[in-house]
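J.: model this:
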Amino acid sequence: MPDLLLEAKRWKANVSRVSVPLDGSSVPGLWLNGRPERGSTEAAASILAPATGQKLASLNLANAADVGKAVEASARAATTWAKTPLRERAASLIELASRIEANLDILAAIDAKDTGSPVTAMRGSAAKGALYLRMMAGVSYEMSGRTYPASDGLHYTINQPWGVVGGISAYNHPILFACQKFGPALIAGNTVVLKPSEQAPLSTLALAALTEDLLPPSVLNIVPGSAEAGAALAAHPTIQRLTFTGGAATGLKVQAAAASSGTVKHLTLELGGKNPMVIFADASLEQAAAAAVRGTNFTRNQGQSCGATTRLLVHRAVADSITERVVDEVSAIELGLPEDPSTVMGSLISKSHQTRVLEFIASGQAEGANLLIGGGPPMDERLASGAYVTPTVFDSVTPEMSIAREEIFGPVLSIVPWDDEDKVLNLANDSPYGLTASIWTNDIDKALGFSHDLEAGYIWVNDVETRYPGVPFGGWKLSGIGKEQALVDELISFTRQKSVNVAIRSQRLASQSGL
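T.: Residues are numbered from 1 along each chain as shown. Predicted coordinates for the structure are as follows:
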């Protein structure tokens with residue numbers, strides 16, 4: 001196996017073009033054929049900083065015609081890229097990881113402004129994206145086929161790329177999600193057309209600029225756009241492999257668009273969740289309460305996380321103690337401007353999403369839940385123009401309430417008490433979603449048995465919100481299909497398997513002659 005780190009040194013880093021002005025000026029909206037281009041939508045979209053309302057940039061987004069151009073260009077580049085030696089493809093991704101790491105401060109500053117999440121959290125998220133590219137490159141030579149003793153001949157499988165892969169990403173972790181979409185696909189030999197969220201596209205365009213002298217033109221095309229662009233990408237007949245991160249309702253639309261294409265597509269859908277954290281009476285209360293706050297992701301992305309454990313199912317015997325500890329921890333969380341390194345909780349992605357979250361909070365109160373803390377915008381005048389919602393905790397929540405059933409995608413934690421261990425499993429599984437779950441108990445038999453019966457794709461025992469490299473992540477039910485972050489298995493998912501059977505000529509002739 002070649003030394004991929006040494007191989008990567010032949011690339012000369014060019015980081016001068018990463019900066020995206022955040023002064024409200026017009027910027028090219030797309031990355032096509034290895035250069036920035038203007039999107040074809042007639043009216044330029046204004047990209048606003050959700051924490052302040054400040055105009056960051058205006059850009060013309062991609063429409064369906066732009067997506068078609070991007071797919072056609074990627075299709076032209078696909079054969080040459082697939083024939084590029086694996087060591088070179090992997091080395092280019094390692095070099096891109098180095099360029100991301102060299103520009104973490106710039107990329108994090110862009111994302112803090114564009115998403116409203118704290119700059120420190122966005123820096124960590126981008127660093128995880130770079131690490132992910134390195135890990136994918138490191139296991140690339142495990143993407144091998146097998147031989148089979150089916151006869152005295154030779155029978156083997158090979159893994160070959162699909163061609164053009166379509167990726168549709170979400171706004172809460174722009175750099176990390178971009179790396180997860182295109183990293184394994186490119187290493188496996190595919191070209192990629194990626195549509196980042198139109199709500200936070202700027203850092204992905206900056207990331208594309210880092211590839212200008214690194215990837216051949218059209219190997220990676222970036223097409224920020226609205227639902228029209230996403231539907232066009234999902235429905236394009238050239239694309240047979242598609243990966244999507246977003247809400248369940250949109251995921252269903254992606255499936256429908258894919259089915260309308262006349263092409264059978266291999267889909268990975270990483271969708272939403274209404275994830276339970278189940279605390280048994282024998283759990284460590286202090287640790288469990290701290291984990292409940294951490295699992296809601298108040299301080300990393302304001303609860304805008306598909307894996308957040310926002311249904312806290314607590315045994316009634318310890319509910320008061322847990323609730324008191326949770327409220328104490330939440331009361332210490334301070335909101336601030338996302339570009340301030342000391343800020344631990346920023347704003348939601350938009351004013352419209354703020355309104356949606358506040359409507360859920362109002363419905364919880366109207367349905368009889370008890371609001372313990374939070375529940376509205378902060379009092380700080382510096383934050384008055386932003387899309388802020390204070391960290392919110394309800395207790396006396398019942399399973400039929402909307403705040404206990406629907407994905408809010410915001411900083412809202414619902415505490416649901418329970419009494420019967422035989423019934424709490426049904427309570428945990430009583431959801432159309434099944435992404436993550438967390439179990440807190442010191443009884444290993446109980447933990448393992450409960451884990452086997454939970455209807456969720458990713459489960460923690462006495463832990464929460466940690467994503468372990470190489471462990472497959474993905475959901476059941478409305479939370480999606482397929483797995484991500486599984487390293488070798490994920491690489492292989494971006495290939496098609498082919499079986500080759502070679503008969504030994506002397507045996508075949510002997511068989512034909514009847515000998």
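
J.: pLDDT on stretch 312-322, on average?
T.: Taken as a whole, stretch 312-322 has an average pLDDT of 98.

J.: what's in contact with it?
T.: The set of residues external to stretch 312-322 that reach it, using C-beta atoms under 8 Å, 6 or more residues apart in numbering, is 276-281, 283, 285, 288-289, 292, 323, 326, 395, 413-419, 424, 427-428. The C-beta positions use only the backbone N, C-alpha and C, and glycine is treated the same way.

J.: repeat that for 6 Å
T.: 276-281, 285, 289, 292, 413, 415-419, 427 (C-beta atoms under 6 Å, 6 or more residues apart in numbering).

J.: Give me the residue at the spatial middle of this structure.
T.: By C-alpha atoms, centre = their mean, the mean C-alpha position of the chain lies nearest to Phe177, the distance being 4.7 Å.

J.: Tell me which residues touch that one, please.
T.: The contact partners of Phe177, by C-beta under 6 Å, 6+ apart, come to 169-170, 245.

J.: Against Asn63, how distant is it?
T.: For Phe177, the distance to Asn63 equals 22 Å [C-beta to C-beta, to the nearest Å].

J.: Then Thr147?
T.: Noted for Thr147: a distance of 48 Å to Asn63, by C-beta to C-beta.

J.: Show me which of those two is the more surrounded one.
T.: Taking Thr147 and Asn63 together and counting by other C-beta atoms under 10 Å, Asn63 has the greater number of neighbours (18 against 10).

J.: And the pLDDT at that one?
T.: If you check Asn63, the pLDDT there is 97.

J.: Hmm, Ala43 and it touching each other?
T.: No: with contact defined as C-beta atoms under 6 Å, Asn63 does not count as touching Ala43 (11.1 Å).

J.: What residues are bridge-paired with Lys498?
T.: With beta bridges defined as DSSP bridges, Lys498 has these partners: Ile158.

J.: Surely it touches Tyr156?
T.: No: shown here, Lys498 and Tyr156 do not form a contact pair, counting by C-beta under 6 Å, at 9.3 Å.

J.: shared neighbours of the two, anything?
T.: Common neighbours of Lys498 and Tyr156 (C-beta under 6 Å, 6+ apart) do not exist.

J.: Quick check: mean pLDDT of stretch 238-249?
T.: Stretch 238-249 shows a mean pLDDT of 98 in the predicted model.

J.: And stretch 135-145, by the same measure?
T.: Per-region confidence: stretch 135-145 scores 96 on mean pLDDT.

J.: Would you mind listing the buried residues in it?
T.: In terms of neighbour count (16 or more other C-beta atoms under 10 Å), stretch 135-145 has its buried residues at 135-137, 139-140, 143, 145.

J.: TSV for those residues, including distance to Arg35 and secondary structure?
T.: Shown next, in TSV, are the buried residues of stretch 135-145 (distance: C-beta to C-beta, whole Å; DSSP: H, G, I helix; E, B strand; the rest coil):
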residue	distance to Arg35	secondary structure
Met135	29	helix
Met136	26	helix
Ala137	25	helix
Val139	32	coil
Ser140	28	helix
Met143	31	coil
Gly145	37	coil
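
J.: any weak-confidence spans in the stretch 401-515 of the chain?
T.: The model of the stretch 401-515 of the chain has pLDDT under 70 over residues 506-515.

J.: show me where it has helices.
T.: In the stretch 401-515 of the chain, helices defined by DSSP state H, counting those that start in this stretch lie at 402-405, 421-429, 444-453, 488-493, 505-513, listed in chain order.

J.: Would you reformat those helices as JSON lines and include distance to Gly251?
T.: Listed next are the helices of the stretch 401-515 of the chain as JSON lines, based on distance: least, C-beta to C-beta, whole Å:
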{"stretch": "helix 402-405", "distance to Gly251": "18"}
{"stretch": "helix 421-429", "distance to Gly251": "20"}
{"stretch": "helix 444-453", "distance to Gly251": "25"}
{"stretch": "helix 488-493", "distance to Gly251": "17"}
{"stretch": "helix 505-513", "distance to Gly251": "49"}
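
J.: Nearest to Gln199 among those would be which one?
T.: helix 402-405 (23.7 Å; C-beta to C-beta).

J.: Which strands and helices lie in contact with that closest one?
T.: Using 3 or more C-beta pairs under 6 Å, 6 or more residues apart in numbering; DSSP states H and E, the elements in contact with helix 402-405 are helix 351-366.

J.: and the helix it packs on, how far out from the chain's middle?
T.: A distance of 24 Å separates the C-alpha centroid of helix 351-366 from that of its chain, computed with C-alpha atoms, centre = their mean, to the nearest Å.

J.: Give me the next element, helix or strand, following that helix.
T.: Past helix 351-366, further along toward the C-terminus, the next helix or strand under DSSP states H and E is strand 370-373.

J.: how much distance is there from that following strand to the middle of the chain?
T.: Distance, centroid of strand 370-373 to centroid of chain: 31 Å (C-alpha atoms, centre = their mean).
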